[in-house]
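A.B. asks: only the shape, not the letters, is given here:
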Ligand SMILES: CC(C)(COP(=O)(O)OP(=O)(O)OC[C@H]1O[C@@H](n2cnc3c(N)ncnc32)[C@H](O)[C@@H]1OP(=O)(O)O)[C@@H](O)C(=O)NCCC(=O)NCCS
């Protein structure tokens with residue numbers, strides 16, 4: 001089996017357009033992945049300001065989805081990283097690869113690797129309608145709006161009657177852990 005992180009597995013969809021490929025990698029991350037993601041990160045333009053994640057935080061990911069452009073460069077990343085027991089989803093796409101369905105593809109691929117028992121949340125700026133629309137149609141539901149930020153939960157068919165106590169429990173736990181951490 002090839003260890004080239006640009007290879008797609010049988011179950012990893014080929015991006016619809018442009019010959020780009022999606023791969024999924026997990027820790028420990030290979031040096032090539034580290035270098036390529038780093039190069040991608042520092043090449044980001046205005047989308048960097050919306051993204052708000054440090055490079056180190058990307059490498060905390062439990063699952064990292066990479067979009068490889070035709071020229072063998074990383075052009076988008078999405079992943080899930082653990083925060084106080086909850087997995088947080090993130091994604092950013094290079095501007096010249098946006099609007100071609102790659103974000104949808106990466107979201108589906110990464111979320112497809114998350115164990116069913118995991119709670120996955122994300123936060124997105126309220127004004128970021130493009131991302132919100134994508135997340136909504138990918139299965140995330142809004143659970144909170146606060147100070148210009150929207151929190152969304154990946155909905156695995158959990159009814160509203162169970163969703164609320166679940167969210168309260170998660171936030172109470174987060175509060176407790178961050179209090180202990182000082
Ligand atoms: C958000 C982001 C990752 C989406 O990636 P993308 O590859 O452009 O998304 P896609 O091409 O897969 O588009 C998916 C959906 O977004 C929505 N969308 C795309 N372009 C849009 C636009 N100009 N306006 C509104 N919605 C739009 C559509 O719902 C589209 O679905 P469709 O196929 O039904 O039309 C990308 O725009 C990005 O990196 N933005 C900057 C960083 C960011 O906002 N990250 C998210 C922070 S939480």
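C.D. replies: Arrived safely, thanks for sending. Here the structure is a predicted model, which means the values were calculated and not measured. Numbering: from 1, shown residues only.

A.B. asks: residues contacting residue 153?
C.D. replies: 119, 120, 121, 140, 141, 143, 163, 167 (Cβ atoms under 8 Å, 6 or more residues apart in numbering). (Glycine included, C-beta is placed from N, CA and C.)

A.B. asks: do the same with residue 37
C.D. replies: 29, 55, 58, 59, 64, 66, 74, 77 are the contacts of residue 37 under Cβ under 8 Å, 6+ apart.

A.B. asks: hmm, 10 Å instead?
C.D. replies: 5, 25, 29, 55, 58, 59, 61, 64, 66, 74, 77, 79 (Cβ atoms under 10 Å, 6 or more residues apart in numbering).

A.B. asks: name the helix or strand for it, please.
C.D. replies: Using DSSP states H and E, residue 37 sits in helix 31-43.

A.B. asks: mind checking the longest strand of this structure?
C.D. replies: In terms of residue count, the longest strand belonging to the chain (DSSP state E) is strand 74-83.

A.B. asks: just give me how far the following helix or strand past that strand sits from the chain centre.
C.D. replies: Downstream of strand 74-83, the next assigned helix or strand under DSSP H and E is strand 86-93. Put simply, strand 86-93 sits 3 Å off its chain's centre (Cα atoms, centre = their mean, to the nearest Å).

A.B. asks: strand 86-93 near the ligand anywhere?
C.D. replies: Yes - contact of strand 86-93 with the ligand (Cβ under 6 Å from any ligand atom) involves 91, 92, 93.

A.B. asks: for the chain, what spans make up the helices?
C.D. replies: 31-43, 47-51, 55-58, 102-112, 129-137, 160-180 (DSSP state H).

A.B. asks: which one of these is the most hemmed in?
C.D. replies: Across these, averaging neighbours per residue (mean count of other Cβ atoms under 10 Å) puts helix 102-112 on top, at a mean of 21.

A.B. asks: of all of this structure, which residue lies closest to the ligand?
C.D. replies: Closest contact between the chain and the ligand, by Cβ to the nearest ligand atom, is at residue 103 (2.4 Å).

A.B. asks: thinking again about what came up before, out of the contacts of residue 37, which are buried?
C.D. replies: Among those, those scoring as buried are 5, 25, 29, 58, 59, 61, 64, 66, 74, 77, 79 (criterion: 16 or more other Cβ atoms under 10 Å).

A.B. asks: thought the fourth one was touching residue 77?
C.D. replies: Translated: residue 58. Yes - the pair residue 58 / residue 77 is scored as a contact, 6.4 Å apart, by Cβ atoms under 10 Å.

A.B. asks: any regions of this structure where pLDDT drops low?
C.D. replies: 1-18, 158-163, 166, 170-171, 173-174, 176-182 (pLDDT under 70).
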